[in-house]
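> predicted model follows, preceded by the sequence.
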Amino acid sequence: MAESVDYAVKLNVFEGPLDLLLFLIKKNEIDIYDIPIALITEQYMAYVEAMKSLNLDMAGEYLVLASTLVHIKSKMLLPPAEEGEEQEEDPRDELVRQLLEYKAYKEAALNLGMLHLLGRDVFGRDVPHGEITDGGETEFREIGIFELVEVFRKLIVDRGHDELMEIDVEKMSLADRISEIMDELNEKKFLTFEDLMGEAGGRTRVIYTFLAVLELMKLRLVRVYQSVPYGTIRLFAAAGE
Amino acid sequence: MEQYKAIIEAMLFVSGTPVTIKRMKEVLEETGDMDIRSAVDELMREYGERKGGVRLVEVAGGFQFRTDETLASWLKKFAGVKPATLSQAAMETLAVVAYRQPIMKSEIDRIRGVDASTSLRSLLERNLIRIVGRKDVPGRPILYGTSRHFLEVFSLRDLTELPTLEELKELGE
Amino acid sequence: MEQYKAIIEAMLFVSGTPVTIKRMKEVLEETGDMDIRSAVDELMREYGERKGGVRLVEVAGGFQFRTDETLASWLKKFAGVKPATLSQAAMETLAVVAYRQPIMKSEIDRIRGVDASTSLRSLLERNLIRIVGRKDVPGRPILYGTSRHFLEVFSLRDLTELPTLEELKELGE
């Protein structure tokens, strides 16, 4: 059907339900602060139905907004508050606020696109390979956290090191504490268990300190001594001079 | 031309990316910051007055020679490459990150009304945004911000040069 | 400046390699060979008279902007103060150390499938990783971990701010 095709073309250009709603408001030349909910809901639903009938891969967000619209519509049908009662909020307020906010960023995106883009409007010099590099390592890249984790992911996922998949914040907390304890052991001859726990602070940190000591023992990076039962526990760096 | 000015010009020329005053200073140890800065300003003026094909611009905290923007179509023809463009979704996500940084993903999703995963990934891969830390709330969600490369690509000196968001003022944010 | 002269200047600027008159002609279709040649000559003269850091020279049948040869030692110094970048190999090794610390070299080699000696040395030199200790087992292998400087370079408060693989997966692939 010709009309459906028309919808399909348009649907592809919407960046989401808010974008579709803004389009309808503009198309109908409606005041955004006074949206005729019944009309807009009807039109919005027509687009959503068209998407469904075309089996377009429709994001669930479109349906969420559809139900919000229906909800607002039903609220608007309720009789207005009696004189003297507290002024009720317009059921459309939250939606209007959301629309205005989205519209601001949509315009901001357009403004960004109008700047002089490197590689589109202006061009830098294509520095020949080796012109200023001093030989040695060939490929250089800018350092960033995303690059780091992405490199790691490629290494272990793409090369099938499945057993290394899990990384969680707990593991990193442990690594952090281990490194702190080893730093301290470099400066002092030994540390008492009380020293470590005393400086530990919050409860999670106490747990990580304890786990870190166990891990260090397992790695044989520290030796732990106690002179008498229930006496002071001392940690020594195993590799100490 | 004074020698240090010629050295600055040559450094700017061989570097593909913006060069900071600090980096110039590391090379020109005996030249003061003020002298370096005024030589850079002179070069900017000279290249501006020539009205040639190349300009010296201040961008991303440094200085870089770039072609004049009126010649874009000719240079595209010369290089024969189609510029990589960002999708509308990615541009919107980038705008939200730029104006609201540091910001977590859930907040971007809320503002745009759609899931921002795909655009976030593509922006990270293009090094236009970066992970800047975690928010101190339960779950410690990742916070995103724009990168230095973002300033470079959008020809901005720093974030204060972003075009103002008129509508946001109305919202009182 | 006449427009075609500015276009020629811009083409020569963006190209890392010498550009022939023929190639310029392909872009400037309506400009005659003679006009192109005389614009190039004018540019050569202008850059020569300025005595700046850059010259336009005729080389290998084409034309190329090059830095003045008397500035070579300065530019070598400039190349030496390059901002922090890492080779792919070093980046991989750093990633493995960051996420698997404390870790032995043999384990890094196993994960990367290649010998990590060179990248470990360069990371140690750059103070991005450090020796955490020696494992008290036969051979007493060295254990590596990231340094405080690593946290600074990546603007991390602590290691828990590193994103997890789960979080990366949420962004899609």
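Ah, there it is.
> from here on, contacts and neighbour counts on C-alpha atoms
Fine.
> can you give me the neighbour number for B:G139?
Per other C-alpha atoms under 10 Å in any protein chain shown, the neighbour tally for B:G139 reads 8.
> so what's it up against?
The neighbourhood of B:G139, defined by C-alpha atoms under 8 Å, 6 or more residues apart in numbering or on different chains, contains no residues.
> in a strand, that's where it is, yeah?
No - when classified by DSSP: H, G, I helix; E, B strand; the rest coil, B:G139 is found to be coil rather than part of a strand.
> chain A versus that one, what's the distance?
For B:G139, the distance to chain A (C-alpha to the nearest C-alpha, to the nearest Å) stands at 10 Å.
> same thing with B:P83?
If you go by C-alpha to the nearest C-alpha, the gap between B:P83 and chain A works out to 6 Å.
> over to B:G32?
From B:G32 over to chain A the distance is 24 Å, taken as C-alpha to the nearest C-alpha.
> mind listing what the closest residue in space to that residue that isn't next to it in sequence touches?
The shortest distance from B:G32 to any non-neighbouring residue, by C-alpha to C-alpha, 6 or more residues apart in numbering or on different chains, is to B:K25 (7.5 Å). Contacts of B:K25 were listed using C-alpha under 8 Å, 6+ apart, and they are B:31-33, B:36.
> following the chain onward from the helix or strand where B:K25 lies, which element is next?
Using DSSP states H and E, B:K25 sits within helix B:21-27. In the C-terminal direction, the helix or strand that comes right after helix B:21-27 (DSSP H and E) is helix B:33-50.
> how about the helix holding B:K25: buried residues?
Buried positions in helix B:21-27, judged by neighbour count with 16 or more other C-alpha atoms under 10 Å in any protein chain shown: B:21, B:23-25, B:27.
> may I have it as PDB, with CA atoms only?
Taking Å, rounded to 0.1, in the frame of the first residue of the first chain, the C-alpha atoms of helix B:21-27 are listed here in PDB:
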ATOM      1  CA  ILE B  21      52.400  26.000  23.900                       C
ATOM      2  CA  LYS B  22      53.800  23.700  26.600                       C
ATOM      3  CA  ARG B  23      55.100  21.200  24.100                       C
ATOM      4  CA  MET B  24      56.700  24.000  22.000                       C
ATOM      5  CA  LYS B  25      58.300  25.200  25.200                       C
ATOM      6  CA  GLU B  26      59.800  21.800  25.800                       C
ATOM      7  CA  VAL B  27      61.600  22.100  22.500                       C
END
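> and it, average pLDDT?
Mean pLDDT, helix B:21-27: 94.
> also stretch A:52-60?
Mean per-residue pLDDT for stretch A:52-60: 73.
> cool, stretch B:56-66 as well?
In this model, stretch B:56-66 has an average pLDDT of 96.
> report the buried residues of it.
For stretch B:56-66, a neighbour-count test (16+ other C-alpha under 10 Å) marks B:56-60, B:62-66 as buried.
> kindly report the same for stretch A:93-111.
A:95, A:98-109.
> in a markdown table: those residues, plus distance to chain C and secondary structure.
Compiled in a markdown table, the buried residues of stretch A:93-111 are given as follows (distance: C-alpha to the nearest C-alpha, whole Å; DSSP: H, G, I helix; E, B strand; the rest coil):
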| residue | distance to chain C | secondary structure |
| --- | --- | --- |
| A:L95 | 27 | helix |
| A:Q98 | 24 | helix |
| A:L99 | 25 | helix |
| A:L100 | 27 | helix |
| A:E101 | 24 | helix |
| A:Y102 | 22 | helix |
| A:K103 | 24 | helix |
| A:A104 | 25 | helix |
| A:Y105 | 21 | helix |
| A:K106 | 22 | helix |
| A:E107 | 25 | helix |
| A:A108 | 24 | helix |
| A:A109 | 21 | helix |
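> quick one: low-confidence residue ranges for chain B.
In the predicted model of chain B, residues B:167-173 satisfy pLDDT under 70.
> and chain A, what are its domain boundaries?
Residue ranges for the domains of chain A, per automatic domain parsing: A:7-81+A:89-122, A:124-241.
> using a markdown table, lay out these together with distance to C:F150.
Rendered in a markdown table, the data for the domains of chain A read as follows (distance: least, C-alpha to C-alpha, whole Å):
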| stretch | distance to C:F150 |
| --- | --- |
| domain A:7-81+A:89-122 | 30 |
| domain A:124-241 | 11 |
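> which of these has the lowest mean pLDDT?
The minimum mean pLDDT among the domains of chain A belongs to domain A:124-241 (a mean of 76).
> give me the distance from it to the chain's centre.
25 Å (C-alpha atoms, centre = their mean, to the nearest Å).
> same thing with stretch B:128-142?
For stretch B:128-142, the separation from the chain centroid amounts to 22 Å (computed by C-alpha atoms, centre = their mean).
> contact partners for the closest residue to B:V14 other than its chain neighbours?
Here the nearest residue to B:V14 in space, its sequence neighbours aside, is A:V127; by C-alpha to C-alpha, 6+ apart that works out to 6.6 Å. Residues counted as contacts of A:V127 (C-alpha under 8 Å, 6+ apart) are B:14-16, C:15-16.
> ok, the strand or helix carrying A:F236: who's next to it in the sheet?
Assigned by DSSP H and E, A:F236 belongs to strand A:233-237. Within its sheet, and counting by DSSP bridges, strand A:233-237 is paired with strand A:190-192 (antiparallel), strand A:222-226 (antiparallel).
> quick one: closest of those to A:T204.
Relative to A:T204, the nearest member of the strands paired with strand A:233-237 by C-alpha to C-alpha is strand A:190-192, separated by 19.4 Å.
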